[in-house]
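1. Need coordinates for the following:
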Amino acid sequence: MQDHVTPRRVVILGGGFAGLFAARALRRSPVAVTVVDRRAHHLFQPLLYQCASGILSEGQIAQPLRAVLRRHHNVSCLLAEATDVDAEARLVHARRPDGGAVELPYDDLIVAVGMRQSYFGHDEFAAHAPGMKTLNDALDIRRRIYQAFEMAETASDARERQQWLTFALVGGGPTGVELAGQIREIAGHTLDREFRTIDSAQARVLLFEGSDEVLGAFGRPLAQRAARTLQSLGVELHLGTKVTGVDAHGLTVQDRDGATARFEARTVLWTAGVEAPPIAAALARATGATQDRAGRIAVEPDLTIPGHPEIRVTGDVMSLNRLPGLAEVAMQSGAYAGRFVRHAVEGRTKQPKPFKYWDLGSAAYISRGRAVVKVGPLHLSGAIGWLAWLFIHLAFLTGFRSRLGAVLSWSVAFATSSRRERAFTWSDADADADAEAPAARAPGPKARRLWPGRLWSGRAPGPKAPSPPP
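-> Numbering: from 1, shown residues only. Model (predicted):
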């Protein structure tokens, strides 16, 4: 029996969809909730690709956790990363951004840490092929996309120019399909007539997928429609291929027959595979829980770890009935875990029902006016699918200002093809790498001056430039 002085302590690891919905379910309960996350914001991850492609700003898909939970007076937020769990002492060990250690005692622990990008044992690929799981990833990809066109404009020769104008994406799931469609729209419409040397519409977008179809989880009819839409946009599909190497100038792939091929591309983006963060392995060691190949933790039907009824695992990091890693699964499992704790605090004796996921469907946006949506037996595509996609994402965006801002940004982007969020900064890491290895660069033609203070290297033949003003 909890007394009136010390409320029941609930620690939630993760401020994503699962963690947020768990905290909301405990809003009016006599418990002290602590939400621990290594980032200070809640991220609407399904729209990361729209931030990366310049349609939405980071503020429209990410809201400060403290602002989202400000009305939840029994909830406090802690900026830290959980590193270990002492299941016997019921203690979470965490590390603050400055390296300081934090210990959090709990009566109930809700694990909602999500998943991170997986390179299938080739972590060295990450330096040249960023994934898209965080806000930093989206901003990095935005820089790489738009900087590639700028670099192509001043490339020293045709080969280098084509390398910069080639974009390779690894993974044909929703993220890869959505990003491939966006890059083609950027090249063919957004940047149309903005450059003088290159034709942005000639950019190549290559999509590599290990299976026989893109969007395989959507079923064959929608997968085939998505493939046709991508091909009509100019996306080159390479199905049944496995990436065996990635470097700064491209990637090497192998098909099912063992034949290898090399593709030169200065921009390689990784949208395939996820794995559990280290805290999942630490929790498994502490509790004896089993993990699948991706590191997800196996749970009971009530989302608890066997032998530990005080610990519930939710969202992408839980392994239960082969549920997919979707935002809807995270929302529903987080809310279920929060309600479970609330009912226990309220003294309800009725045994709660096992967690049951209500499939609200899957959606993937491909291009303006074209999307695919699967809701049970209902399959939508084209303009109708796009309208359904629009409604679904507006319904789940956190905060009224986020919804209003998204509507305005989408209206501009869909009506004019322009993208207001195209700002990016120069990468200091790239500049430092170039400065450290000048000999590694292939010699190009001597730079020649076009205007006072401006250099141009290897401009492609074209109309004669006007004489500079006296």
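
2. For the rest of this, base every contact and every neighbour count on C-alpha atoms.
-> Will do.

3. where exactly do the helices run in the stretch 201-350 of the chain?
-> Secondary structure of the stretch 201-350 of the chain by DSSP state H, counting those that start in this stretch: the helices cover 220-233, 278-287, 327-345.

4. can you check the stretch 51-200 of the chain too?
-> 58-61, 65-68, 135-153, 158-164, 174-185.

5. just to revisit the earlier point, what about the helices of the stretch 201-350 of the chain, which gets the closest to Met151?
-> Comparing the helices of the stretch 201-350 of the chain against Met151 with C-alpha to C-alpha, the closest turns out to be helix 220-233 (23.4 Å).

6. For that closest one, name the packing helices and strands.
-> Packed against helix 220-233 by the contact rule (3 or more C-alpha pairs under 8 Å, 6 or more residues apart in numbering; DSSP states H and E) you find helix 174-185, strand 235-239, strand 362-367, strand 370-375, strand 378-381.

7. out of the ones you listed, which comes closest to Glu300?
-> Going by C-alpha to C-alpha, the one of the helices and strands packed on helix 220-233 nearest Glu300 is strand 362-367, 25.2 Å.

8. and that closest one, what does it pack onto?
-> helix 174-185, helix 220-233, strand 370-375, helix 382-396.

9. would TSV of those with distance to Ala413, mean pLDDT and mean neighbour count be doable?
-> Shown next, in TSV, are the helices and strands packed on strand 362-367 (distance: least, C-alpha to C-alpha, whole Å; pLDDT from 0 to 100; neighbours: other C-alpha atoms under 10 Å):
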stretch	distance to Ala413	mean pLDDT	mean neighbour count
helix 174-185	11	95	24
helix 220-233	17	94	17
strand 370-375	14	88	22
helix 382-396	13	81	16
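
10. and of those, who's closest to Thr304?
-> Using C-alpha to C-alpha as the measure, helix 382-396 is the one of these that comes nearest Thr304, at 26.5 Å.

11. any idea which helix or strand comes after that closest one?
-> helix 400-416 (DSSP states H and E).

12. before we move on, back to that, for Val31, find the nearest of the helices of the stretch 201-350 of the chain.
-> That would be helix 327-345 among the helices of the stretch 201-350 of the chain, by C-alpha to C-alpha, at 8.0 Å.

13. and the angle from that closest one to strand 362-367?
-> Helix 327-345 and strand 362-367 meet at an angle of 150 degrees, taking axes from the mean of the first three to the mean of the last three C-alpha atoms, to 10 degrees as the criterion.

14. when you give positions from now on, start the count at 34
-> Right, with 34 as the first residue, what we last looked at is helix 360-378.

15. buried sites along helix 360-378?
-> Across helix 360-378, burial judged by 16 or more other C-alpha atoms under 10 Å covers 360-376, 378.

16. Name the nearest residue to Leu263, ignoring sequence neighbours.
-> Nearest residue to Leu263, sequence neighbours excluded (C-alpha to C-alpha, 6 or more residues apart in numbering): Gly214, at 6.5 Å.

17. That neighbour: what's it in contact with?
-> Contact analysis of Gly214 by C-alpha atoms under 8 Å, 6 or more residues apart in numbering lists Leu263, Leu266, Val268, Ile399, Ser400.

18. Surely the third one and Leu240 touch.
-> What it means is Val268. Yes: using C-alpha atoms under 8 Å, Val268 is in contact with Leu240, at 7.0 Å.

19. Next, show the common contact partners of the two.
-> Here Val268 and Leu240 have Ala213 as joint contacts, going by C-alpha under 8 Å, 6+ apart.

20. Read off the pLDDT value for the most centrally placed residue in the chain.
-> A centroid search over the chain (C-alpha atoms, centre = their mean) returns Lys166, at 3.1 Å, as the residue closest to the centre. Lys166 carries a pLDDT score of 94 in this model.

21. wait, what's in contact with Val64?
-> Val64 neighbours (C-alpha under 8 Å, 6+ apart): Pro40, Arg41, Arg42, Val43, Asn107, Val378.

22. Go again with 10 Å.
-> Going by C-alpha atoms under 10 Å, 6 or more residues apart in numbering, Val64 touches Gln35, Thr39, Pro40, Arg41, Arg42, Val43, Asn107, Val108, Asp140, Val374, Arg375, Val378.

23. By pLDDT, give me the weakest of the residues you listed.
-> Gln35 (49).

24. For the closest residue to Asp288 other than its chain neighbours, give me its contacts.
-> Excluding the flanking residues, the one nearest Asp288 by C-alpha to C-alpha, 6+ apart is Thr274, at 4.5 Å. Taking C-alpha under 10 Å, 6+ apart, we find Thr274 in contact with 203-204, 240-245, 285-294.
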